[in-house]
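In: Structural data only, the sequence is not supplied:
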């Protein structure tokens, strides 16, 4: 069992309206079972998801569906939010790095739809049954640093569903469901890097994860808040509890004595 | 820029006291810059970190330093805890899958030390400057499924520190610090799988992440609780706040009217 990950060289700066499928198909040879890991930033650029940098804080607010946690620090305020795409992360995916001067990039409106359009285009242009993952760089609770994860996917199984299968000693793997889409996105990051200007990687040798274009996308990775033990920051939850407890005790009044 | 990830075939079932470095060096050819991603489970077996399965719940309690979140559900109780190794996850790393019948495996006592011993042994046996990552499979907040992450590391840069560097357009990458160790662990999972009985992967072509054996290990990835916005489950934080608010209002007594 073996696979390779290669950065695709020679992708030019992408502008609004560019045909990404044509650009990528022209830059590398693709075969059946290849998986493209595409930095979502170039999809944002192709889709014109750019706003003036002066509006960055407003852009974050506009992209926010739900505030999860906020912390003030020396450098300003960190806002962990759920964005329109359902992804929880800092700054709602609004990013100034690698954006044209004076602007910030927003995430694609519907990353799974963008991935599907790209996979459809690539399959049509090359005749190869490829999968597409759109990646973004996110921090995480509990662990320092960031990893690239899948924010969009098409033609790829985002999970390897092992539930019901057995381990090497025959025991059932009850809850094991590796998120291969996130692992593929992270593998792609290792060759794309942040400062290299290489926005696309090709993964070869993992064709068993490639499937039909109507497979569930990366949105299916997102855990609904009601099932999430960490749906709110600890400080925010504490403060909500404090107010509720305080109000309850006051409502009980002298009877509480 | 290109790398490959290959599952190492032919590793036998590991038992207490086995010399893992000798086993791995005998199973694959290693060269300078190779990185071994080793399932921590076989390190646990070599180190005899096995307890009787009847003690599973007690084992979880014993391995727990701090309870982060608890939720009851149909199948039992999920306990998200910080374990002795400082890792936050379900069941403190106590695992029944791929463990000898009637037993559960605990994580290595000090995964970074285990990784260092393995890397030292492999370098001595092969003459190759290799890095070692010990991986484990963990769930995460906000996202379904699991990914493999690095719980131990030696001879590998666990972060690619880009702070102070610039992006392709010349802007400073202020906070960007990809956790390459976690991304490497995830890449390894894609060939090791859960049911294949392949516990070791070799990553070739990323020698730039290989360094001295005294580099910071995977423990440096763990974010201290006091700096973590999600150091406690939302329900637990709410309950703590509720009690504090209730007590405060009661202490204020009639004056609060």
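Out: Received it, and whenever you're ready, just let me know what you need. Since we're looking at a predicted model, the values are computed, not measured.

In: From what I see, residue A:239 and residue B:241 are in contact.
Out: Yes: with contact defined as C-beta atoms under 8 Å, residue A:239 counts as touching residue B:241 (6.2 Å). Where you see a C-beta, it was placed from the backbone N, CA and C, and this is true even at glycine.

In: Counting neighbours, go ahead and name the busier of those two.
Out: A side-by-side neighbour count of residue A:239 and residue B:241, using other C-beta atoms under 10 Å in any protein chain shown, places residue B:241 first with 23 against 16.

In: if you skip the residues just before and after it, what's nearest to the more buried one?
Out: Nearest non-adjacent residue to residue B:241, counting by C-beta to C-beta, 6 or more residues apart in numbering or on different chains: residue A:241, 2.9 Å away.

In: Can you point out the helix or strand that includes whatever residue of the stretch 101-250 of chain A ends up closest to chain B?
Out: As assessed by C-beta to the nearest C-beta, chain B sits closest to residue A:241 within the stretch 101-250 of chain A, at 2.9 Å. Using DSSP states H and E, residue A:241 sits within helix A:234-252.

In: Could you give me the buried positions within that helix?
Out: A:234-242, A:245-246, A:249-250 (16 or more other C-beta atoms under 10 Å in any protein chain shown).

In: Now do the residue nearest in space to the middle of chain A against residue B:122, distance only.
Out: Most central in chain A under C-alpha atoms, centre = their mean is residue A:151, positioned 2.7 Å from the mean C-alpha point. From residue A:151 across to residue B:122, the span is 37 Å (C-beta to C-beta, to the nearest Å).

In: what do you get for residue A:221?
Out: 35 Å.

In: Settle it for me: which of these two has more neighbours?
Out: residue B:122 (25 against 22).

In: Looks to me like the more buried one is in a strand.
Out: No: the assignment for residue B:122 is helix, going by DSSP: H, G, I helix; E, B strand; the rest coil, so no strand is present there.

In: Can stretch A:123-140 be said to contact chain B?
Out: Yes: counting by C-beta under 8 Å from any C-beta of the partner chain, chain B is contacted by stretch A:123-140 at A:137, A:140.

In: can you give me the end-to-end distance of that stretch?
Out: Start and end residues of stretch A:123-140 are separated by 34 Å (C-alpha to C-alpha, to the nearest Å).

In: And the buried residues of helix A:234-252, which is the shakiest by pLDDT?
Out: For those, the weakest pLDDT value sits at residue A:250, with 91.

In: With adjacent residues omitted, what lies nearest to it?
Out: residue B:249 (5.0 Å).

In: and what of residue A:216?
Out: Per C-beta to C-beta, 6+ apart, closest to residue A:216 is residue A:158, 6.4 Å.

In: Flag the shaky bits of the stretch 51-200 of chain A, pLDDT-wise.
Out: A:163-164, A:166-175, A:194-196 (pLDDT under 70).

In: show me where it has helices.
Out: A:56-63, A:111-126, A:180-192 (DSSP state H, counting those that start in this stretch).
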